[in-house]
Every structure is written in structure tokens, then in C-alpha cells.
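1. Got a predicted structure here, sequence first:
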Amino acid sequence: MVHMRCYGIGKHPDGSGWLCDVCRLPGLTQPPPCVMCPRLGGAMKVTAEGGWCHLLCATWIPGMCVLDQARMEPIIGASKIGKERRSLKCSICNQQYGACIQCAGSSKCYASFHPTCARDSGWPMAAVWDEDSASETDGTESTATGAHYTAAAAAEVAAAGTPLDA
């Protein structure tokens, strides 16, 4: 289940319900593959290149983003993910597919994982802005280049009593 607003639907369409973009595909027998992870199903949107990607993957993988934040589409940046990130093997599903993110909880931790695998496994995750690695912007563009994704950061946030979605 996904919140309508998180999926880019501002108001409830007329009728009793709504279908996501994938479920509206004609002749669908199974969900299309995500270009960034091996998980089938979930809240997906089309990429600028015509593939499909989980909104979760687009949010967490550095270099990817959603072009229109109101409609939550298209997802851009998939074709620009470097071979280094694409060569990482997920420590949860043990697959080298799409792109992984890495733990930033310690300089000695090299764990890599798909965002969907981490979420499905119940790993706590938090985005922490690193001022030292953040690129200067004019405030009109939001990128994930200065964010570090880490279970340790989530533990710090939880210990401080700050909700993760605040």
C-alpha cells in the first residue's frame, strides 16, 4: 500500500479507488523489474529512459531523483549511475543487480545493500546531511550527494528521541 500523495496523486480520483501506474499497464501478468533492485512489486514510477524504478530506490540512491515532485515522475539519473555503485553486491539478498547504497556508520563498514532489501529486512535507515561533502546549490535543486545512509545514524536519531519522519 502506498499513500496517494507519496505516489504523486494530489486528490482522490473520482470513483471508489485508484490504480498505480504499473497496475494500469495493459496485459500485465507480473510487475516490471526495477532498474535499481531485484525486488518485484511496490510503488514504482517510470524512468526518463522508459524503465521502472521504485520510488524508494530513486529517493535513496545518490544521483537519482524525481523530476516533478508533485507528480513524483519521471525518475531521472538511472542511466548515469556509475559502474562502481553498480558493481556493489547487496549484503542482504547477495545479488549484484542495479545499484546499492553503502553504510556510512563507520569508516570500517563497507556493507552495501539495496534500499528495498534494507527496508524489507527491517534495517533502520536515516539520511544525514554532511555539510563537508554537500555541493553548493542555488536552492532550486535537491540532490543526495551530501547524504549518508546509515543504520548508525538511525540509532543516533532514535536515541535523541527525534522521530525519523520529522
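-> Great, that's in hand.
2. Please make it C-alpha for all contacts and neighbour counts, starting now.
-> Fine.
3. separation between K108 and R86?
-> 21 Å (Cα to Cα, to the nearest Å).
4. Show me which of the two is the more surrounded one.
-> Using other Cα atoms under 10 Å, the more surrounded residue of K108 and R86 is R86, with 15 against 8.
5. which residues touch the more buried one?
-> Residues counted as contacts of R86 (Cα atoms under 8 Å, 6 or more residues apart in numbering) are Q96, Y97, G98, A99, C100.
6. again, but for M44
-> Taking Cα under 8 Å, 6+ apart, one finds D21, V22, C34, W52, C53, H54, L55 in contact with M44.
7. The fifth one contacts K45, doesn't it?
-> It stands for C53. Yes - taking Cα atoms under 8 Å as the definition, C53 is a contact partner of K45 at 5.7 Å.
8. Next, show the common contact partners of the two.
-> With Cα under 8 Å, 6+ apart as the test, C53 and K45 both reach I75.
9. pLDDT below threshold where in the protein?
-> 1, 3, 5-6, 15-16, 128-166 (pLDDT under 70).
10. show me where it has strands.
-> 44-46, 52-54, 65-68, 73-76, 101-102, 112-113, 126-129, 147-150 (DSSP state E).
11. so which of those gets nearest C90?
-> strand 112-113 (4.2 Å; Cα to Cα).
12. Now do the closest one: which elements does it pack against?
-> strand 101-102 (3 or more Cα pairs under 8 Å, 6 or more residues apart in numbering; DSSP states H and E).
13. helices or strands up against the strand it packs on?
-> On the basis of 3+ Cα pairs under 8 Å, 6+ apart, strand 101-102 makes packing contacts with strand 112-113, strand 147-150.
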